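Visitor: Take this sequence and fold it.
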Amino acid sequence: MQVRRRLVIFVQGYNAHSPVEYFQNFLREYRLTCGHHGLNGEIGAIGETPEDSSANWDVITKGGEWQVETNYRLLRWDDLVQKDYERAAWWKIVQMYRTTGIALLNGAFGRMLKKNWRFAAISFFPIFLITALMLFGSFIGLLCMNLVIALRAPELVAKFVGVVTGLGGFGSLLWLTEPLTGLLKWCDEAASIDEFVNGKRKDWGQRLDAFAREVTEAVRDSDADEQSSSATDLARCSLSMCWSVRSPATPRLAARAHASSCSHWAPACRWLASTRRPRGSATGCGNSPRRPASIGSMCNRAMIFSVLRRSIP
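Guide: All right, here's what the predicted structure looks like:
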């Protein structure tokens, strides 16, 4: 069947990019794609919902004898992420060590390691990098302290110089490498999801409720021939389940989106099926039952999976 109308739902990851930035990136890449494939396209203006939980724009693409009208919906929470970025750097670092310790003690790291050692290594990369920067800063502090001692300065003065230069060295290294590593943003992500799991982020809960309403209403009111999601981690799986559960009027479309999305994210569903979740539970991918899942400290998974749990009555 030829697709003439399409609905695409994109769930924003943990970043502070505004809808305008996403739209500009889309506009640039869309023009490049059309030029490369010899297509013609028209892009409408970006619009936002009154609750500021999403943004959307329409695209008409023409090629040969076919034409496709696509409605893009961006589920956004950049305003909440931006508030997280404004927290003190020292607090973020302390929380990163805290959440890492919890992951080691409750067995989450062990489960990740068994399923995918590369994923486990990436998850613990921030703590390794922070520790390396601290060790290098300590080396600078010890070097300066010994230098002051060699100049026969009082021991108290030498220690003070060592502490100040050590902290300064660590802070400088962190500031210089942040544009490349995004280390503090990783710390924000770990701290924020820990707060969310422990019920300390009511603003996230309210935004997730808005996401769930947006998804179900968009699918229910859409006359698209095809519906799809584009996002990180479990977004596709959770959104497709929202369609299949909350869109009885369009079972054919929901089934198609559900099948394509769940097959793509089956490994992620299997990983969650082997874990435990201490607070609440959620249904499995498709119609397959599974045990409650432990989301751990991965922000995108917890956020998107919570959309699913809010969408199913």
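Visitor: so who does N15 touch?
Guide: Shown in contact with N15 (C-beta atoms under 8 Å, 6 or more residues apart in numbering): D78, V81, K185. Any C-beta I mention is one placed from the backbone N, CA and C, and that applies to glycine too.
Visitor: Let me have the residues you listed in a markdown table, extended by secondary structure.
Guide: Shown next, in a markdown table, are the contacts of N15 (DSSP: H, G, I helix; E, B strand; the rest coil):
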| residue | secondary structure |
| --- | --- |
| D78 | helix |
| V81 | helix |
| K185 | helix |
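Visitor: Could you chop this protein up by domain?
Guide: Domain ranges of the chain: 5-80+207-311, 88-197, per automatic domain parsing.
Visitor: Compare these and say which comes out lowest on pLDDT.
Guide: Mean pLDDT values for the domains of the chain show the minimum at domain 5-80+207-311, a mean of 64.
Visitor: For the stretch 151-300 of the chain, which segments count as helices?
Guide: Under the criterion DSSP state H, counting those that start in this stretch, the stretch 151-300 of the chain carries helices at the ranges 155-181, 183-197, 202-221, 235-246, 251-264, 266-273, 299-311.
Visitor: Okay, strands next: where are they in the stretch 51-200 of the chain?
Guide: For the stretch 51-200 of the chain, applying DSSP state E, counting those that start in this stretch gives strands covering 54-63, 66-75.
Visitor: List the buried residues of stretch 124-142.
Guide: By neighbour count, with 16 or more other C-beta atoms under 10 Å as the criterion, the buried positions of stretch 124-142 are F124, P126, I127, I130, L133, M134, G137, S138, I140, G141.
Visitor: residues in contact with the fourth one?
Guide: I130 makes contact with I93, M96, Y97, L183, C187, according to C-beta under 8 Å, 6+ apart.
Visitor: What of the third one?
Guide: Listed by C-beta under 8 Å, 6+ apart, the contact partners of I127 are M96, Y97, T100.
Visitor: quick check, nearest of the residues you listed to R111?
Guide: Of all the contacts of I127, R111 sits closest to T100, with 14.7 Å by C-beta to C-beta.
Visitor: Pretty sure F124 is one of the things that closest one touches, is it not?
Guide: Yes - T100 lies in contact with F124 (C-beta atoms under 8 Å); the separation is 6.8 Å.
Visitor: Sounds good, over and out.
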